[in-house]
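[1] Curious how this folds, go ahead:
(one chain, ligands or ions: 1)
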Amino acid sequence: MSLSPKRIPADLLPIMDALTRIGRDVAGIIARGALGDSLSVEVGENSDGDGQKALDVMADELFEAALRETAVKYYASEEQEVVLDLGEGKYALAIDPLDGSSNIDVNVSIGTIFSIFEAKDGAEESFLRPAHEQVAGGYIVFGPQTGMAVTFGDGVLIYAMDPASGEFLLVEEDKQIVPSSKEFAINASNRRHWVKGARSYIEECEAGETGSKGKNMNMRWVGSLVAEAHRILTRGGVFLYPADERKGYENGRLRMTYECAPIAFLIEQAGGEAHDGVTRILDKTAPELHARTPLVFGSVEEVRSVKAHYEA
Ligand code: AFP
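    As a prediction, the model looks like this:
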């Protein structure tokens, strides 16, 4: 077993074991960096024409192979155009095998994001359903420490990987996000493209104590969703990837099925909130496998403030 089994539903334990075993292997590949094969060389394109890095494809192949030995029947990946039928099993798993690819060769935290549903009869219908039907959601973060945050709908469990053994050890149960924060995360270079609500919220943050917020704020942007989510789970904050006017960004950049839905599940289970500016992420249904959605998540006071700006 590659992880502490405590509080993991028995049916899901073999899947979580497979995910953390591969997580350990991917952490080892990343840690070797330039001592190994090039991880950031472009080797192809995914379904949307986004460049695929060597590590994107390597991680996808490793996770797919390991999950074939579990009760995962349907496998949906950012790196695969269609849902794969892995054979027998009662679950459907969506995954971004390696999120944050642009950070691979600059030694910045990257991650794997996963979402699990009970499989329905059909492949796509197992994923194109209200996000609140997930039975598990989480991420593995590859950074100065490798760790995992996961929820099965009964609180958020935090694991740390022991570098010596590669085992994921449970270090925190029922993680809670602080309700207020002085930190926001957004890619400020896109300001001129943002929808109005996002722009007015950020302007309020930038006004700090001279404006209606009455407190100075700080900004972070890692360019790696898992790194932002881990920071926000750990010390609070709010993350925004809004819709913007650029071609292809009318629904933001992030994908509903294997990025936003699992992150939203985790964040809500930790006492935070997650919406697309208007609608709760967990109330949304992806219209197609690789659909994008705007995403705002984090400390409840700030997430609600963003929503108020969208509604103003
Ligand atoms: P890559 O995997 O292409 O690096 O994209 C990472 C990501 O999907 C997400 O992890 C980041 O939060 C977001 O994109 C960064 O987007 P910008 O590059 O537009 O800031």
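[2] got the residues of the stretch 201-312 of the chain near the ligand?
    Residues of the stretch 201-312 of the chain lying close to the ligand by C-beta under 6 Å from any ligand atom are Gly223, Ser224, Leu225, Arg253, Leu254. Backbone N, C-alpha and C define where each C-beta goes, glycine included.
[3] what about 5 Å?
    Residues of the stretch 201-312 of the chain lying near the ligand by C-beta under 5 Å from any ligand atom: Gly223, Ser224, Leu225.
[4] Show me the helices in this protein, by range?
    13-32, 54-67, 196-207, 225-235, 261-269, 300-311 (DSSP state H).
[5] now the longest one, how far from the centre of its chain.
    In this case it means helix 13-32. 16 Å (C-alpha atoms, centre = their mean, to the nearest Å).
[6] what pLDDT, on average, does that helix get?
    Mean pLDDT, computed over helix 13-32, is 97.
[7] what's the answer for the fifth one, then?
    In this model, helix 261-269 has an average pLDDT of 99.
[8] Take that helix, keep the C-alpha atoms, and write them as PDB.
    Output of helix 261-269 as PDB, limited to C-alpha atoms (Å, rounded to 0.1, in the frame of the first residue of the first chain):
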ATOM      1  CA  ALA A 261     -14.900  20.300 -10.700                       C
ATOM      2  CA  PRO A 262     -12.400  18.400  -8.500                       C
ATOM      3  CA  ILE A 263     -10.800  21.600  -7.200                       C
ATOM      4  CA  ALA A 264     -14.300  23.000  -6.400                       C
ATOM      5  CA  PHE A 265     -15.200  19.700  -4.600                       C
ATOM      6  CA  LEU A 266     -12.100  20.000  -2.400                       C
ATOM      7  CA  ILE A 267     -12.600  23.700  -1.700                       C
ATOM      8  CA  GLU A 268     -16.200  23.400  -0.700                       C
ATOM      9  CA  GLN A 269     -15.400  20.400   1.500                       C
END
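[9] and that helix, what does it pack onto?
    Applying 3 or more C-beta pairs under 8 Å, 6 or more residues apart in numbering; DSSP states H and E, one finds that helix 261-269 contacts strand 110-118, strand 136-142, strand 146-151, helix 225-235, strand 273-275, strand 295-298.
[10] how far does the fifth one sit from the chain's center?
    Put simply, strand 273-275 sits 13 Å off its chain's centre (C-alpha atoms, centre = their mean).
[11] got it, and stretch 246-257?
    15 Å.
[12] Could you do stretch 126-141 as well?
    10 Å.
[13] Enumerate the positions of it that are buried.
    126-129, 131-132, 134-141 (16 or more other C-beta atoms under 10 Å).
[14] Please apply the same query to stretch 47-54.
    Gln52, Lys53, Ala54.
[15] What of stretch 111-131?
    Buried residues in stretch 111-131 (16+ other C-beta under 10 Å): 111-117, 119-120, 123-124, 126-129, 131.
[16] What is the most widely separated pair among those residues?
    Gly111 and Lys120 (27.5 Å; C-beta to C-beta).
[17] before we move on, back to that, ok, so of the buried residues of stretch 47-54, who is nearest the ligand?
    Lys53 (8.2 Å; C-beta to the nearest ligand atom).
[18] how near is the nearest residue to that closest one once chain neighbours are set aside to Leu39?
    Distances taken as C-beta to C-beta, 6 or more residues apart in numbering put Ser101 closest to Lys53, at 4.5 Å, once the chain neighbours are dropped. Distance, Ser101 to Leu39, using C-beta to C-beta, to the nearest Å: 9 Å.
[19] which residues are common contacts for these two?
    Lys53, Leu55 (C-beta atoms under 8 Å, 6 or more residues apart in numbering).
[20] ok, back up a step: which of the buried residues of stretch 47-54 lies closest to Arg231?
    Nearest to Arg231 among the buried residues of stretch 47-54, with distances taken as C-beta to C-beta, is Lys53, at 23.2 Å.
[21] tell me the contacts of the closest one?
    Leu39, Ser40, Val41, Glu42, Val43, Leu98, Ser101, Ile104.
[22] before we move on, what about Ala59?
    Ile22, Val26, Pro97, Leu98, Thr112.
[23] beta partners of the last one?
    The bridge-partner assignment for Thr112, based on DSSP bridges, gives Ile140.
[24] Test my guess that it contacts Val26.
    Yes: at 7.0 Å, Thr112 counts as touching Val26 under the criterion of C-beta atoms under 8 Å.
[25] who touches both of those two?
    Going by C-beta under 8 Å, 6+ apart, residues that sit against Thr112 and also against Val26 are Ala59, Leu98, Ile140, Phe142.
[26] What separation is there between the most far-flung residue of the chain relative to its centre and the ligand?
    For the chain, the residue at maximal distance from the C-alpha centroid (C-alpha atoms, centre = their mean) is Thr210, at 34.1 Å. According to C-beta to the nearest ligand atom, to the nearest Å, Thr210 and the ligand sit 28 Å apart.
[27] Cool, thanks, signing off.
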